[in-house]
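**Q** Here's a sequence, model it:
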Amino acid sequence: LTNPTATQGQGQTQTQQQVPTETEIPGIGRVNVACVQSTLSIESIQKLLSSGNISALEDEERTKFEACLVK
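**A** Residues are numbered from 1 along each chain as shown. Below you'll find the model as predicted:
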């Protein structure tokens, strides 16, 4: 989510074309990648990934993020 190719140091303009539509976040579920990237800041995404649950997000961020979950 924070770096679509999982290779540090590459510019995002190069890698945006390779972004998967959806991805699985362990402990959270399947999400729409573009939605998450447009809804949350990089810092919030990193908090989410490191905690493995949405409790690390503020209430407003959590509400926005929940709209990105794929059912």
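**Q** which residues are contacting stretch 26-38?
**A** Contact with stretch 26-38 is made by 1, 4, 19-25, 45, 48, 52-54, 65, 67-70, as judged by C-beta atoms under 8 Å, 6 or more residues apart in numbering. Backbone N, C-alpha and C define where each C-beta goes, glycine included.
**Q** Quick check: mean pLDDT of that stretch?
**A** Model confidence over stretch 26-38, given as mean pLDDT, is 94.
**Q** lowest-pLDDT helix or strand in this structure?
**A** helix 12-15 (a mean of 49; mean pLDDT, DSSP states H and E).
**Q** In its sheet, which strands sit next to the next helix or strand after that helix, and in what direction?
**A** Using DSSP states H and E, the helix or strand that follows helix 12-15 in sequence is strand 22-25. Counting by DSSP bridges, the strands paired with strand 22-25 are strand 29-32 (antiparallel).
**Q** Now the strand it pairs with: buried residues?
**A** The neighbour-count check on strand 29-32 (16 or more other C-beta atoms under 10 Å) flags Val31, Asn32 as buried.
**Q** and the next helix or strand along the chain from it, how far out from the chain's middle?
**A** Once the chain leaves strand 29-32, the next helix or strand it forms, by DSSP H and E, is helix 33-39. The chain centre lies 6 Å from the centre of helix 33-39; the measure is C-alpha atoms, centre = their mean, to the nearest Å.
**Q** Alpha carbons only: can I get helix 33-39 in PDB?
**A** Output of helix 33-39 as PDB, limited to C-alpha atoms (Å, rounded to 0.1, in the frame of the first residue of the first chain):
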ATOM      1  CA  VAL A  33      -5.600  -0.200  -3.000                       C
ATOM      2  CA  ALA A  34      -6.500   3.000  -4.900                       C
ATOM      3  CA  CYS A  35      -9.200   3.800  -2.300                       C
ATOM      4  CA  VAL A  36      -6.800   3.300   0.600                       C
ATOM      5  CA  GLN A  37      -4.100   5.400  -1.000                       C
ATOM      6  CA  SER A  38      -6.500   8.300  -1.800                       C
ATOM      7  CA  THR A  39      -8.200   8.100   1.600                       C
END
